[in-house]
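Peer 1: Here you go, sequence then predicted model.
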Amino acid sequence: MDFFKFFKFGLVGFTGLIIDFGITWICKEKLGFNKYLANGLGFLFGVTNNYFLNKYFTFENHNSEIGLQFLSFLIIAIIGFSLNTGFLYSLQKKTKINFYLCKIIVTAIVFIWNFGANSFYTFKI
């Protein structure tokens, strides 16, 4: 594993996390959306940010097949989102830990899936 890419992926992930949490918070707390819908909207904004930053900054990938790559990134992210939502639901229901603390824990776990899948597949296309 390339530690420098892992670190850069983490930096990009942190920007996506800020966007994800920001959109989630706005939708849940200010707009009154269901917390899982808010989580989904946060995810969509975060994943789009992360694709472009990872493509050019983390993996320095200039493949012109942007549509195919984004689709791959999105599929991996949807799998990650499914894991995230399932783990988030289970962790919060079983432990009664604060929703946002659960979201932090789950995000850290799913981060490893996302890095591995995108390193070995998406940005190899």
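Peer 2: Nice, thanks for sending it over.
Peer 1: Low-confidence stretches in this structure?
Peer 2: The model of the chain has pLDDT under 70 over residues 1, 125.
Peer 1: Now do Gln92 against Thr85, distance only.
Peer 2: Computed as C-beta to C-beta, to the nearest Å, the Gln92 to Thr85 distance reads 11 Å. Quick note: C-beta positions are derived from backbone N, CA and C, even for glycine.
Peer 1: Tell me which residues are up against stretch 99-106.
Peer 2: Phe21, Thr24, Lys35, Asn39, Leu83, Asn84, Phe87, Leu88, Leu91, Gln92, Thr95, Ile97 (C-beta atoms under 8 Å, 6 or more residues apart in numbering).
Peer 1: one more time with 7 Å, if that's ok
Peer 2: Residues outside stretch 99-106 that contact it (C-beta atoms under 7 Å, 6 or more residues apart in numbering) are Lys35, Asn84, Phe87, Leu88, Leu91, Gln92.
Peer 1: Dump it to CSV, restricted to CA.
Peer 2: Output of stretch 99-106 as CSV, limited to C-alpha atoms (Å, rounded to 0.1, in the frame of the first residue of the first chain):
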residue,chain,number,x,y,z
PHE,A,99,-26.2,9.9,16.0
TYR,A,100,-23.2,12.0,15.0
LEU,A,101,-20.7,10.0,17.1
CYS,A,102,-22.1,6.8,15.5
LYS,A,103,-21.6,8.5,12.1
ILE,A,104,-17.9,9.3,12.9
ILE,A,105,-17.3,5.7,14.0
VAL,A,106,-18.9,4.2,10.9
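Peer 1: So which bits of it are buried?
Peer 2: Going by neighbour count (16 or more other C-beta atoms under 10 Å), the buried part of stretch 99-106 is Cys102, Lys103, Ile105, Val106.
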